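Enquirer: Provided below are the primary sequence and the corresponding predicted coordinates.
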Amino acid sequence: MSYVKHKADSETAEATVEACDHSWAEERVPLLQSGFMEPTALDANRSIIALQLYVSNGTYRARVQDRQDSVQAFVNGTNLETIFDAVEAGIRERTLDWKPMNNGKLRPSGF
């Protein structure tokens, strides 16, 4: 099924909300999952970590934001699994190249 067909079918279907199952993330990427669940000190409605995925010409890239410290880092991968593993390893090993956030104006290079 194509995305367009799926989207059209979804618009006519009744919306349902199911509880999220975090078991995969808790097992595979526990530090990242923890950051998704822990609120920032300034806003209890925002998680400390935010992750945005970009896909262009078959290349995966993730923007990882630490909202607590207003910094971001970018990670490349060949598929979603490598993206999540790279982010988790970068957090665990403290190897992410954190840069100050620029009010959403910074765009990943190569895209």
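Expert: It's in.
Enquirer: give me the buried positions along the helix or strand of the chain at the bottom of the mean pLDDT ranking.
Expert: Lowest on mean pLDDT, DSSP states H and E among the helices and strands of the chain sits helix 3-12, with a mean of 74. By neighbour count on 16 or more other Cβ atoms under 10 Å, the buried set for helix 3-12 is empty. C-beta coordinates here come from the backbone N, C-alpha and C atoms, glycine included.
Enquirer: what of stretch 27-38?
Expert: Those would be V29, L32, Q33, G35, for stretch 27-38 by 16+ other Cβ under 10 Å.
Enquirer: from the rest of the structure, what touches that stretch?
Expert: 22, 25-26, 47-49, 51, 66, 84-85, 87-88, 91-92 (Cβ atoms under 8 Å, 6 or more residues apart in numbering).
Enquirer: now stretch 19-26
Expert: By Cβ under 8 Å, 6+ apart, stretch 19-26 touches L32, Q33, F36, M37.
Enquirer: which members of the buried residues of stretch 27-38 are the farthest-apart pair?
Expert: Greatest spatial distance in the buried residues of stretch 27-38: V29 and G35, 9.5 Å, computed using Cβ to Cβ.
Enquirer: which element follows the least confident helix or strand of the chain toward the C-terminus?
Expert: Moving toward the C-terminus from helix 3-12, the next helix or strand (DSSP states H and E) is helix 23-28.
Enquirer: quick one: mean pLDDT over that next one.
Expert: Average pLDDT, helix 23-28: 84.
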